[in-house]
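Visitor: could you work out the structure for the sequence below:
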Amino acid sequence: MSLFIASLNSGSNGNCYYVGNENEAVLIDAGISCRETETRLKRLGLEITKIKAIFISHEHADHINGLCVLVRKHNIPVYITPKTLQKSQLVISSKHVFGFQAYAPIRIGNLTVTAFPKYHDAADPHSFVISDSNVCVGVFTDIGSVCSHVTQNFKSCNAVFLEANYDELMLENGRYPYSLKNRIRGGYGHISNKQAIELVSKHRPARMSHLFLSHLSKDNNCPDLALQQFKAIAGETSVFIASRFNESEVHFISSDEIKKERIITAPVYNFPLSSKTKKIKVGKNEFQLTLF
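Guide: Modelled structure (predicted):
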């Protein structure tokens, strides 16, 4: 099986992630406006009618700003815990509201969405893994520390949107007041590049083909720096930035993507008779063939 995924936006100005198969999809968070969500989906060639549910991680504005209009206009069910709904003060018709509990899987067509608890300064924060058969995608942002829930779920993923919010030196030497710096790095805010790198280095599964660095701080991180640091330790996993300014490309996640790359061997080709030497490239491998 396979999944199609995209970041519609990632950062303190709005978070929204798309995960779906050929028939149905879900959004994780809805932190950009309904109009912008529609526009970005259209640019990516993704149909909003395929979105069958929206899952809300917590009540902070950058995760719910577009939710009410999106739900009302497109009649989309929203899955949110009672504590998060109460704290958010959102006004949503009860017919659209459904609860969820940690580690209680919810089926959305052929998709299975499972929430797990995390450390963040919110009423009832959760992150999510979305699976279709043996393909699994994680959305791990706003995780104040790398707890056992994060680690165990990270190990199951073929692809993950992983928070890399700040560079420690940039935060320490930056313009933020001391109280805000402590909120960010105090265990219930966000994780740093260093903390995310440690998670990837120790627990990246062999099956992980895609890593999207997400929720980067505008003031306390640098996308080029983060890419350089993570590519150095990511092995065969492809690393991307989930931008705070625009949507990503749509990525196709397959359970055997890395496996296919690893089993490439010198292939047998049938060429016309020739006495020339020819170089061919297959994947990352280059072969020199003498043709007779």
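Visitor: let me see the contact set for the nearest residue to His58 once chain neighbours are set aside.
Guide: Spatial nearest neighbour of His58, excluding adjacent residues (C-beta to C-beta, 6 or more residues apart in numbering): Ala122 at 3.7 Å. From N, CA and C alone the C-beta is placed, and that goes for glycine too. If a contact means C-beta atoms under 8 Å, 6 or more residues apart in numbering, then Ala122 has His58, Glu59, His60, Thr84, Lys87, Asp142 as its contacts.
Visitor: tell me the two of these that are most distant?
Guide: Lys87 and Asp142 (14.3 Å; C-beta to C-beta).
Visitor: ok, the two, which is more surrounded?
Guide: The residue with more neighbours, out of Lys87 and Asp142, is Asp142; 28 against 15, by other C-beta atoms under 10 Å.
Visitor: confirm that that one sits in a strand.
Guide: No - Asp142 is assigned coil when assessed by DSSP: H, G, I helix; E, B strand; the rest coil, not a strand.
Visitor: so can I have a markdown table of the contacts of Ala122 showing secondary structure?
Guide: Below are those laid out as a markdown table (three-state DSSP):
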| residue | secondary structure |
| --- | --- |
| His58 | coil |
| Glu59 | coil |
| His60 | coil |
| Thr84 | helix |
| Lys87 | helix |
| Asp142 | coil |
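Visitor: show me what the residue lying closest to Ser131 once chain neighbours are set aside is bridged to.
Guide: Spatial nearest neighbour of Ser131, chain neighbours left out: Thr112 (4.9 Å); criterion: C-beta to C-beta, 6+ apart. Beta-bridge pairing for Thr112 (DSSP bridges): Arg107, Ser131.
Visitor: which parts of the stretch 151-292 of the chain are helices?
Guide: 168-173, 178-185, 193-203, 223-231, 257-262 (DSSP state H, counting those that start in this stretch).
Visitor: picking up where we left off before, ok, the residue nearest to Ser131 to Ile106 distance?
Guide: According to C-beta to C-beta, to the nearest Å, Thr112 and Ile106 sit 7 Å apart.
Visitor: of these two, which one has the most company?
Guide: Neighbour count, other C-beta under 10 Å: between Thr112 and Ile106, Ile106 has more, with 19 against 15.
Visitor: go ahead and confirm that one touches Thr114.
Guide: Yes - under the criterion of C-beta atoms under 8 Å, Ile106 makes contact with Thr114 at 7.5 Å.
Visitor: quick one: contacts for Ser131?
Guide: Ser131 touches Leu111, Thr112, Thr114, Val137, counting by C-beta under 8 Å, 6+ apart.
Visitor: recalculate using a threshold of 10 Å.
Guide: Residues in contact with Ser131 (C-beta atoms under 10 Å, 6 or more residues apart in numbering) are 1, 3, 19, 105, 110-114, 137-138, 156-158.
Visitor: again with Cys136
Guide: Counting by C-beta under 10 Å, 6+ apart, Cys136 touches 3, 112, 114, 129-130, 153, 155-160, 205, 207-208, 253, 255.
Visitor: what sits in contact with each of Thr112 and Ile106?
Guide: Joint contacts of Thr112 and Ile106 (C-beta under 10 Å, 6+ apart) are Ile130.
Visitor: now Glu247: how far from Asp256?
Guide: 27 Å.
Visitor: follow-up on the earlier one: what about the residue nearest to His58, distance to His60?
Guide: Counting by C-beta to C-beta, the gap from Ala122 to His60 is 6 Å.
Visitor: which neighbours do those two have in common?
Guide: Common neighbours of Ala122 and His60 (C-beta under 10 Å, 6+ apart) are Thr84, Lys87, Ser88, Asp142.
Visitor: out of everything not next to it in sequence, what's closest to the third one?
Guide: The spatial neighbour of Ser88 that comes closest, neighbours along the chain excluded (C-beta to C-beta, 6+ apart), is Glu59 at 3.7 Å.
Visitor: what number of residues lie near the one you found?
Guide: Neighbour count of Glu59, defined by other C-beta under 10 Å: 21.
Visitor: my guess is it contacts Asn65. True?
Guide: No - if you go by C-beta atoms under 10 Å, Glu59 and Asn65 don't touch, sitting 11.1 Å apart.
Visitor: and Tyr103, that one's in a strand?
Guide: No - using three-state DSSP, the secondary structure at Tyr103 is coil, not a strand.
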